[in-house]
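Participant: Below are the sequence and a predicted model for it; my questions follow.
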Amino acid sequence: MESTLNIIFFASIVACFLAAAAQIVGNIFGKEKVIKTAWILTYISSAVLLVYLVGRGIVAGRLPLSNQFEFATSFAWGIAMMTILLHLKMNLDWLGAFAIPAVFLMLSYSALLPRDITALMPALKSAWFGLHIASAVISYSSFAVACFCGLRYLLSLKKGMKETDAAMKSLDYLAYRMVALGFLFLTIVILSGCIWAEQAWSQFWSWDPKETWALISWIIYAIYLHVRINKKVKGKKMAVFAVLAFVAVIFTFIGVNTLLPGLHSYG
Amino acid sequence: MKKILAFMRSMKFGMILLALIMGVSFFGTLIQQGQSAEFYTTNYSMGELILTLGLDNVYYTPYFLGLGLLLILNLTLCSLVRFRSILGIGKKRVAASLKVDEGNVISDGQRKRLEAYLGKKHYRKASEPGVTVYYKNQIGHLGSFFVHLSLVLLLFIGAVVLYTGKSNLYGIGYDAPAVLEDGTVVSLVDFTTEDENGELHYESTLSIKTPDGEELVDKTSVNYPINYKGKKYFQETYGFAAQLVIVNTVTQGRDEIYLTEPLYLQTSEDGAGIYYLTAYTNYEEEEDGQIAIVSEELETGKPGVFLVTTMQVDQDGNLVEETGLVTEGTTLQVGDIQFTFKALRAFPGIRIKETSRVAMAMLYATFGLMIAGLWFCFFRQPVYITVGKRGFYRITGVRNAEGLENELQMCMESDGK
């Protein structure tokens, strides 16, 4: 069964690579047909990845969110789903050119990690497991999309578009909405983590590197929202902010696990 | 004074504090926390500076706690201001929207379609002659206040829970119950490290006897603490104990003890006895029956070997020492006393925590308030749409009305279906 799962996993990576390439080519050269094909490939690769995650969950007998590999794969799928939903709702063709290559990179990263299906560690056997980690997937995916909006905004400025253009305003607003969504879910991640930590380790907060970096990310996005809402700062500055803030999220996810082991080190 | 107060409650001050807390926290993850002074001077080129600035235990330094206190102050003042500003804001906004007398010009047909659409979307309405205000999501006005209030409560109650709660770790052995300050006796009934499928699962069965004579026998494991009479019993860690059966062959007296650390058990006044040193689980038995220790790390689920020195008095009255490894089940005889090393057994470290239930309930309520506040703040934004009979409409209250503007334009341009 595990070898079948491996085949499905690598099939999703190949499909994602093709989708990413088509998204980039289609968007750079403005070829409608290529873009359409790119989205079809995106749907296919996301569906294959979903099959893989569901299959892995069935084999493991739990949600596939217990280690770095499973989180990275779920995170990649989360970004893909967020992108597809926004594409369906708002017809954002450009988003695929940023998001799907990022999904491919994330899948490539997860392909480098051990894929063995292991038993859940005692600390992870909790009712909070699903809520805590699934919220993290939604939160990080939202921040990723906000980052892509920021990148698109900055590129558009370079291409000569003005901050007062309607398309730029809606791009800026979309980034804000994605940060707001990510912030809400990051808060759920932190608070559910506190409750879980109290049940597992008897204390709500222990300044573990992962906790601390989640707090740092939370503070960064709290500053973003305050500056955006209260100081009415919009446009280029907030686009740069959204891009830089995502670096903290990536560090919380990859950097902390790699460089700063602690209570959250689950392989 | 007014200027100072205004600054203390300002967003600018709050942002500065958050940035400082973030910066200090960053250093806290960069530098290993809670190590010995020698560790920092050996491993860090700026070890002395780290110790001087308290960066070795940065989250408990006066300046970090001070930043937390200032943040509580800032949030409290900010919440008070917000509370004042949200009192009756819904009515005020409706009244203000009713006074709007210009906006985007629309035809009579478009106005009718717009009003039908807003009715379908369950907007509430307030009217005055010639003008109607459609509004919804007034609860959104509370969002920001809820978030800030919950942060104040979170920091405050968190501090109360942290500083008023009692929490102690007890190593509870099979023959070594823990007696708590109030007289509660906690005894170990059983401790296992694996479940029925062989997967890691640390679980202690405890007997808890309160001073009033009540007794509870229950299981505690990681994530599932026992909650009994205001105390929580957490399965936190575990250690190992050598189970030793001692039999006096003359009197047939029998005793069973658990050894967790080196201990000398003297059997006679001339110094004979056994000296228990330590135990191992990682070892290999060689062909000649000798035991070779692979590592000192102890693992559950493996039989133990015990390092023991026996001291016997020989025929000349001299004390003869002999140190060696003995396996489980081995019996050593010293004089009339038999020592049988039965097994190496794991025993749990149980954390017993006492926290005010009211404080805990308030803390959980605060978590809920924060989530609700963020939801109201970002996803329940108040909307007020003024529609004038003489052909105009205007949106107020929404932070970015573009999306709604497009939606309304589309409904007015359609044929109303």
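Facilitator: Done, it's in. Keep in mind that this is a model prediction, so the values were computed, not measured. Numbers count the residues shown, from 1 in each chain, chains lettered A, B, ... in the order given.

Participant: Can you give me every residue that contacts the nearest residue to residue B:121 once chain neighbours are set aside?
Facilitator: Of all residues not flanking residue B:121 in the chain, residue B:136 sits nearest, at 7.7 Å (C-beta to C-beta, 6 or more residues apart in numbering or on different chains). For the C-beta atoms, the positions are set from N, CA and C on the backbone; glycine is no exception. The contact partners of residue B:136, by C-beta atoms under 8 Å, 6 or more residues apart in numbering or on different chains, come to B:121-124, B:382-383.

Participant: 10 Å - rerun?
Facilitator: B:118, B:121-125, B:380-385, B:397 (C-beta atoms under 10 Å, 6 or more residues apart in numbering or on different chains).

Participant: Of these, keep whichever come out buried.
Facilitator: For those, a burial check counting by 16 or more other C-beta atoms under 10 Å in any protein chain shown picks out B:118, B:123, B:380-385, B:397.

Participant: what's across from the residue nearest to residue B:294 when sequence neighbours are not counted in the sheet?
Facilitator: Among residues not flanking residue B:294 along the chain, residue B:282 sits closest, at 4.3 Å (C-beta to C-beta, 6+ apart). The partner list for residue B:282 in beta bridges (DSSP bridges) reads residue B:295.

Participant: tell me the contacts of residue B:282?
Facilitator: Shown in contact with residue B:282 (C-beta under 10 Å, 6+ apart): B:293-299, B:302, B:304-305.

Participant: let's see 8 Å
Facilitator: With contact taken as C-beta under 8 Å, 6+ apart, residue B:282 is in contact with B:293-299, B:302.

Participant: What is the nearest of these to chain A?
Facilitator: Nearest to chain A out of these is residue B:299 (C-beta to the nearest C-beta; 15.3 Å).

Participant: The closest one contacts residue B:283, doesn't it?
Facilitator: No: counting by C-beta atoms under 8 Å, residue B:299 stays clear of residue B:283, with 10.9 Å between them.

Participant: Going by how many neighbours each has, rank the two and give me the top one.
Facilitator: The neighbour comparison of residue B:299 against residue B:283 (other C-beta atoms under 10 Å in any protein chain shown) goes to residue B:283, with 17 against 13.

Participant: confidence score at the more buried one?
Facilitator: At residue B:283, the model reports a pLDDT of 91.

Participant: That one is in contact with residue B:290, isn't it?
Facilitator: No: at 10.1 Å, residue B:283 does not count as touching residue B:290 under the criterion of C-beta under 8 Å.

Participant: Would you work out how far apart the start and end of stretch A:80-100 are?
Facilitator: End-to-end distance for stretch A:80-100, by C-alpha to C-alpha, to the nearest Å: 7 Å.

Participant: Tell me the spacing between residue B:277 and chain A.
Facilitator: Distance, residue B:277 to chain A, by C-beta to the nearest C-beta, to the nearest Å: 31 Å.

Participant: Tell me how far the lowest-mean-pLDDT helix or strand in chain B lies from the chain's centre.
Facilitator: Using mean pLDDT, DSSP states H and E, helix B:402-413 stands out as the lowest-scoring helix or strand of chain B, at a mean of 79. Between the centre of helix B:402-413 and the centre of its chain there are 47 Å (C-alpha atoms, centre = their mean, to the nearest Å).

Participant: before we move on, what SS does residue B:220 have?
Facilitator: strand (DSSP: H, G, I helix; E, B strand; the rest coil).

Participant: ok, it - how many residues close by?
Facilitator: Residue B:220 has 24 neighbours, counted by other C-beta under 10 Å.

Participant: tell me the pLDDT at the residue nearest to residue B:121?
Facilitator: Looking at residue B:136, its pLDDT reads 92.

Participant: Distance check, it against chain A.
Facilitator: Distance of residue B:136 to chain A, given as C-beta to the nearest C-beta: 18 Å.

Participant: in the sheet, who's paired with that residue?
Facilitator: Using DSSP bridges, the bridge partners assigned to residue B:136 are residue B:383.

Participant: next one: residue B:185
Facilitator: With DSSP bridges as the rule, residue B:185 is bridged to residue B:179, residue B:209.

Participant: What degree of burial does it show, as a neighbour count?
Facilitator: Around residue B:185 there are 14 residues (other C-beta under 10 Å).

Participant: what's it in contact with, if anything?
Facilitator: Each residue near residue B:185 by C-beta under 8 Å, 6+ apart is listed here: B:177-179, B:208-209.

Participant: Give me the most central residue, chain A.
Facilitator: residue A:141 (2.6 Å; C-alpha atoms, centre = their mean).

Participant: if we can go back for a sec, apply the buried test to the contacts of residue B:282 and list what passes.
Facilitator: Buried among the contacts of residue B:282 (16+ other C-beta under 10 Å): residue B:298.

Participant: What's the per-residue pLDDT of the residue in chain B sticking out farthest from the centre here?
Facilitator: Using C-alpha atoms, centre = their mean, the residue of chain B lying farthest from its centre is residue B:316. It sits 63.6 Å away. Looking at residue B:316, its pLDDT reads 85.

Participant: what about it, is that helix, strand or coil?
Facilitator: Under three-state DSSP, residue B:316 falls in the coil class.
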